[in-house]
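Asker: The following block contains a protein sequence and its predicted model.
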Amino acid sequence: MKILAILVALTFTLSACGGGGGDTNNNNVTNDSNNSGSPSTPTDSNNDNQTPDAGDNEGDNSDTGAQDDIGAAPIVDVKAPGNIVRKGTTIVIDSVVTGGNEQLTYLWEQISGPTATILNNQSASLTVTLPETSSPNQDDFVFALTVTNSDGLSTYTETTIESINAMTQLQAAALLHQGTLGPTYAEIQAVIGKSEEEWIDAQLESQTTYHMPFLENYPNKEQPSHINRIDAWWKASLNAPDQLRQRVAFALSEIFVVSDANSALRGEPEGMTNYYDMLLKNAFGNFRTLLESVTLSPVMGVYLSHLGNEKADLAKNIRPDENYAREVMQLFTIGLDELNLDGTVKLDDNGNTIPTYSQLEIGGFARVFTGWTFAYSARWNRPSKNYTLPMQPFEDYHSSLEKHLLNGEVIPADTGAEESMKLALDNLFMHPNVAPFISKQLIQRLVKSNPTPAYVERVATIFNDNGQGERGDLAAVVKAILLDDEARKYSLVLEHTGKIKEPILTKLHFWRTLNASSQVNRYYTWNLSTTYGQGPLLSPSVFNFFRPDHRPSELLDSNLVAPELQIATDSNMISTTNNHYSDLVWRMAERKNTLNPNTIYMYGEAYISLLEESGLQALLDHYDVVYFAGSMSDETRSALTDLDSYFANRTPADRISQLLYMISLSPEFNYQD
Amino acid sequence: MTTYNGKSRRAFLSLCLKGGASVAALTSLQLQALGSTLSSESLTDYKALVCIFLHGGSDSLNMLVPTSGQHRTNYEQSRQNLVVNDAINLTTKTQFEGGVGLHPSMASLTPLFDSGQLAFVGGVGTLIAPTSLVDYQNKAVNLPGHLFSHNDQQATWMHGQEKVSLNTGWGARMLERLNQHSAFTSNISLAGSNPWQSGIQTSPYALSRSGVMKINPLSGYQPQVDHVKSIIDRLLQTPSNSPIQNAYASRLGRSISNVQNMNNLLEQAPILTTQFSDNDLSQQLAAVAKSLSISNQTSSQRQIFFVSLGGFDTHDEQLTRQPALLSTLATALAEFQSALNELDLQNSVTTFTMSDFGRTLTSNGDGTDHGWAGNQLLMGGAVNGGDVHGAMLDQLVGGPLDVGGGRLIPQFSNEQYFAPIAKWFGLSNAEIYELFPNSMNFDAFTLPLFNS
């Protein structure tokens, strides 16, 4: 819902009895609402014990505006600003008085809402500065104008102003650190002054940047190779305008894991890229649709071996493959233990966790996922090897036995493959674990490692019902995650905010802000896994690079988890920082006399000119916004300043490089607060 | 003799008190560690343990197969298209009904087996107490949590204890118990972080396969290096209210100093004549051998190493994937033992395998699913080799050990496998019962895995 400024003016004409004695106790009130939207009875701050007397004696006069000897109260029309009203702005509310005499006095007051600064309260127009953004919600203000004429007749008019957020630079930066693959300065500037919801809504509506169009053939080959899939991921991720979708799809790729790091899928870059595009397509769609797309993806079918999975053959002691059956429950939908809506584990009367499924259900789901193979295969044993279209079933190979699902539901015998699959996925989708299980992981990927149960519950509630009765609306879930108080931190100061940034995303952030490119326009980054411990669709197993409940040894004496630290091993940390060094220092284009056409260079010209024109502290201010979302401490700033003092007589390119490298390893940069 | 210092004791108490764990949930080992002295005498010898984790759940019942008689008939009936033919007959000290056949792709291990440097441990798996099929069906005994789930069962193997709120790895616990945890060189992983090496006071140093890792900004012109290093140190000491940010900072600081120290050590490593293959596991073990070659330069008298080989989750294409995996494993083991012989460390280093679980006897067409009991390998000069310790399970679907689909109940608990290893490593029986709480439900030292 778009929030627009709404002007609600409620006007009361206050006509004094008995010749203008200014005695407000006998006020007669009529209600002349010229722009009503509010059914509530307005209060009159002038008069505590006043009752809305119908006032037949004099009301007729007011209504008709008839002139009589005593005179009439002024007729007041209040005009609030017509556009969206932002927090923190100064607005003017005008009034136009007709039918009165010339000697009018005005008195403006604030009736309700956060305290605003009234600059001029005794003229026809009110100039007022609204308070800065302090919550993710809109602020509602009521201002009252009392116009009194020389006869002592007054008209009281209330005006409601709704102001929506105008993000500051740092608020915009914080949001974009959560909702993009690493914001550029220009992206942050473009969002300043908008509300969070406006940015999210625009992102939700923006066109999807698919990766397949970026998948090129390997040089001098007729088809793409594995590295071209990586190249396509870089090209799309670096420049896609739909950054929120790209970020969410990346998060989904760490939940619905497929990988070509060590599998036959390495030879199927089109299939893998198509899988990523499927995640992009469904990122703001419905979870149930996503789950079916994942399930029927031939890439997933190969990865978790339900493609080509056959019904049982008792004579040969062959029974259905249980791989997908197990992981679709454990990792993609419900997890191992029954959960409360807030993501905490349910316990039985003995204090034990309650398993969500047993071998019975695994066997049931294993039967469900029989009979599926590549689309348009001529025969079961002649698979088409089409890695991009959803799998299709062969009924002869699908188990016709009954299939035990969760919660005692059973698919009766002789149910077909397609129908069984849909029933089984519906059964999973309706399990109460799905909302907290998925919501919490998405929070962890986007915002923080340790959300409070209340945060998880708020998001899970939206997962279960987006407000219009739809379950599984991922756009609503993402929006709820990012708009939550705990993500925006306007009012709450929680001890354990934030998360460690994923190392591949820190690299991507530098590359986005430094226009990383090679003259041949190729991003052939080999060895991402061994360098960063991760890479797109490069997990070592279906359990992702790190587990959502990983608690590193440093945090054993806390209740905190830090999933990303699972891959922060000595060798990964050193190779990550080494690669940041080679990116940011060795391959800073402005430090080179000649450029190798195949090499990916960083372009620091914007930072160089800032340093040259405005000096070191201005550059650090800029870095603080882009890389720290404002969290650069005085200690870090002073360390960076002292670093630069050593390089002061080097070229500006050298200086910005060294600073960027030091930022890349600094704890404050690596922590998304 | 040493005591835990006051700080870590407080931290540990705080951990117990804050972590939702009642003091009653603490093991006796933990309680003892809190307050009393540790029993480790000053060690006089040097030993190292190398754990090879076979990720994915190795179908190790297909690594050692029966070759004759009713067991062979049962095996063929159960396994159908996944039967291993041409198994190598092993001559074992213990006689087993049906004989013992080694998977033919592991032929490179037979010289080690015959010379007594290699043994197998048969019919082993995660258990809390001895479990019969009736017990299982009636839920009459406690079972390990989340049987047949990869990451849970991996953790159970590596923790060496079940039903503990704040779990740690048994490798790390041994080091801490022996007061060998303080030097980072005692706890080295070639396969990233893992539960086996993660303790209260120690976590693994992740060594890169290439060994020496240059730190780019910290090499070159020394005054610049010194300046840059001083800035890094300041950044890493920047105060923060976030424990997570602090964890990152301390870890990066530790990584830098560990890598620099390790580089200095590895520069003194001798060149080995043993050649290691290009495969992933061989390369990891080559790096372990290199580290072992400089072990006398470190202060560590006990070292644990962790390497891993993935791909054992053979839900499909088992007939091509398993031979390749077992061949890689056998090749790497043989190369590694050869390097140990060259370093004259063959009696001081013991290498052993763990894996998520065994696999189903039944096939899903061209592969197997998550099972339970399996077989493991144990290698080294101290090992009571040339034998299978434990049981050669009768691979009979629907037999007295089958809980369904050919998932066999282990006849020996993995803690019965670990206990003799811990004993060889230098822990007392009493310490071992504390280390592996569930081992008290079994005869912990029944398997004669080492030469006495």
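Answerer: Looks like it arrived, so ask away. It should be emphasised that the depicted structure is a prediction, and the values quoted were computed from it without experimental measurement.

Asker: so what's A:S449 up against?
Answerer: Applying C-beta atoms under 8 Å, 6 or more residues apart in numbering or on different chains to A:S449 gives the contacts A:H496, A:G498, A:K499, A:I500, A:L560, A:V561, A:A562, A:P563, A:E564, B:I244. No exception for glycine: its C-beta is placed from N, CA and C like everyone else's.

Asker: how about a cut-off of 7 Å?
Answerer: A:K499, A:L560, A:V561, A:A562, A:P563, B:I244 (C-beta atoms under 7 Å, 6 or more residues apart in numbering or on different chains).

Asker: now swap in B:T350 and tell me
Answerer: For B:T350, the contacting residues are B:L49, B:L378, B:G380, B:A382, B:V383, B:I421, B:W424, by C-beta under 7 Å, 6+ apart.

Asker: which parts of stretch B:271-280 are buried?
Answerer: B:L272, B:T274, B:F276, B:N279, B:D280 (16 or more other C-beta atoms under 10 Å in any protein chain shown).

Asker: distance of B:L309 from chain A?
Answerer: 11 Å (C-beta to the nearest C-beta, to the nearest Å).

Asker: Just give me the neighbour total for the nearest residue to that residue once chain neighbours are set aside.
Answerer: Closest residue to B:L309 apart from its sequence neighbours, by C-beta to C-beta, 6 or more residues apart in numbering or on different chains: B:L281 at 4.5 Å. Residues within reach of B:L281, counting by other C-beta atoms under 10 Å in any protein chain shown, total 25.

Asker: Can you give me the pLDDT of the closest residue to A:P136 other than its chain neighbours?
Answerer: Leaving aside its chain neighbours, A:P136 sits nearest to A:R488 (4.7 Å; criterion: C-beta to C-beta, 6+ apart). pLDDT for A:R488: 92.

Asker: from what I can see A:R488 touches A:T133, true?
Answerer: No - contact criterion C-beta atoms under 7 Å: A:R488 and A:T133 do not qualify, at 9.3 Å.

Asker: what about B:P270, neighbour count?
Answerer: B:P270, neighbours per other C-beta under 10 Å, totals 10.

Asker: Using the three-state scheme, assign it.
Answerer: Look at B:P270: counting by DSSP: H, G, I helix; E, B strand; the rest coil, its state is coil.

Asker: any idea how far it is from chain A?
Answerer: From B:P270 across to chain A, the span is 23 Å (C-beta to the nearest C-beta).

Asker: Report the contact partners of that residue.
Answerer: Going by C-beta under 7 Å, 6+ apart, B:P270 touches B:S293.

Asker: Can you dump the C-alpha atoms of stretch B:444-452 in CSV for me?
Answerer: C-alpha atoms of stretch B:444-452 as CSV (Å, rounded to 0.1, in the frame of the first residue of the first chain):
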residue,chain,number,x,y,z
ALA,B,444,34.9,-50.1,26.2
PHE,B,445,38.2,-51.9,25.8
THR,B,446,37.1,-55.1,24.2
LEU,B,447,38.5,-54.4,20.8
PRO,B,448,42.3,-55.1,20.7
LEU,B,449,43.0,-52.5,18.2
PHE,B,450,46.7,-51.9,19.2
ASN,B,451,49.6,-54.0,19.8
SER,B,452,50.1,-54.4,23.5
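
Asker: Identify all contacting residues around it.
Answerer: Contacts of stretch B:444-452 (C-beta under 7 Å, 6+ apart): B:119, B:121, B:378, B:382-384, B:389-390, B:412, B:415-417, B:419-421, B:423-424, B:432-433.

Asker: buried sites along it?
Answerer: The neighbour-count check on stretch B:444-452 (16+ other C-beta under 10 Å) flags B:A444, B:L447, B:L449, B:F450 as buried.

Asker: Report the separation between the first one and B:N142.
Answerer: So the one you mean is B:A444. From B:A444 over to B:N142 the distance is 17 Å, taken as C-beta to C-beta, to the nearest Å.

Asker: I'd like to know how many residues surround residue 170.
Answerer: I went with chain A, as the question did not name one. Applying other C-beta under 10 Å, I find that A:L170 has 16 neighbouring residues.

Asker: The chain in question should be chain B.
Answerer: Residues near B:W170, counting by other C-beta under 10 Å, number 28.

Asker: what do you get for A:G416?
Answerer: Using other C-beta under 10 Å, A:G416 has 13 other residues around it.

Asker: Tell me the spatial nearest neighbour of it, not counting adjacent residues.
Answerer: Spatially, and ignoring its direct neighbours in sequence, A:G416 is nearest to A:E395 (5.9 Å; C-beta to C-beta, 6+ apart).

Asker: residues touching the one you found, list them.
Answerer: By C-beta under 7 Å, 6+ apart, the contact set of A:E395 is A:G371, A:G416, A:A417.

Asker: Just to check, the last one is in contact with A:F369?
Answerer: No - with contact defined as C-beta under 7 Å, A:A417 does not reach A:F369; the gap is 8.9 Å.

Asker: Neighbour count for these two, which is higher?
Answerer: A:F369 (30 against 23).

Asker: Quick one: residues contacting the more buried one.
Answerer: Residues near A:F369 by C-beta under 7 Å, 6+ apart: A:H306, A:N309, A:Y324, A:A325.

Asker: Could you do A:E338 as well?
Answerer: Contacts of A:E338 by C-beta under 7 Å, 6+ apart are A:K346, A:I354, A:T356, A:N433.

Asker: Please list which of the contacts of A:F369 are also close to chain B.
Answerer: Filtering the contacts of A:F369 for proximity to chain B by C-beta under 7 Å from any C-beta of the partner chain leaves A:N309.

Asker: among the contacts of A:F369, which two are most distant?
Answerer: By the measure C-beta to C-beta, A:N309 and A:A325 form the most distant pair in those, at 9.3 Å.

Asker: Could you find which two of the buried residues of stretch B:271-280 are furthest from each other?
Answerer: Using C-beta to C-beta, the two most remote members of the buried residues of stretch B:271-280 are B:L272 and B:D280, lying 18.6 Å apart.

Asker: returning to what we had before: which helix or which strand is home to the residue nearest to B:L309?
Answerer: Per DSSP states H and E: B:L281 is located in helix B:280-293.

Asker: on contacts alone, who are the packing partners of that helix?
Answerer: Packing contacts for helix B:280-293, counted by 3 or more C-beta pairs under 7 Å, 6 or more residues apart in numbering or on different chains; DSSP states H and E, involve strand B:302-309, helix B:318-342.

Asker: out of the contacts of stretch B:444-452, which are inside helices?
Answerer: Judged by DSSP state H, the subset of those located in helices is B:E415, B:Q416, B:Y417, B:A419, B:P420, B:I421, B:K423, B:W424, B:I432, B:Y433.

Asker: Can you get me the start-to-end distance on stretch A:336-354?
Answerer: Stretch A:336-354 has an end-to-end distance of 8 Å (criterion: C-alpha to C-alpha, to the nearest Å).

Asker: Need the mean per-residue confidence for it.
Answerer: 96.

Asker: related to what we said a few turns ago, can you tell me which of the buried residues of stretch B:271-280 lies nearest to chain A?
Answerer: Nearest to chain A among the buried residues of stretch B:271-280 is B:D280, at 8.8 Å by C-beta to the nearest C-beta.

Asker: dump the residue contacts of the nearest residue to the closest one once chain neighbours are set aside.
Answerer: Distances taken as C-beta to C-beta, 6+ apart place B:L309 nearest to B:D280, at 6.7 Å, with adjacent residues excluded. B:L309 sits next to B:I52, B:L54, B:H55, B:D280, B:L281, B:L325, B:T328, B:L329 when contact means C-beta under 7 Å, 6+ apart.

Asker: measure B:L309 to B:T331 for me?
Answerer: Per C-beta to C-beta, B:L309 is found 11 Å from B:T331.

Asker: got it, and B:M392?
Answerer: Between B:M392 and B:T331 the distance, using C-beta to C-beta, works out to 25 Å.

Asker: same question, B:P111
Answerer: On the measure of C-beta to C-beta, B:P111 and B:T331 end up 13 Å apart.

Asker: and if you look at A:S154?
Answerer: A:S154 is 98 Å from B:T331, by C-beta to C-beta.

Asker: And these two? Which one has more around it.
Answerer: Set A:S154 next to B:T331 and count neighbours by other C-beta under 10 Å: A:S154 wins out with 24 against 20.
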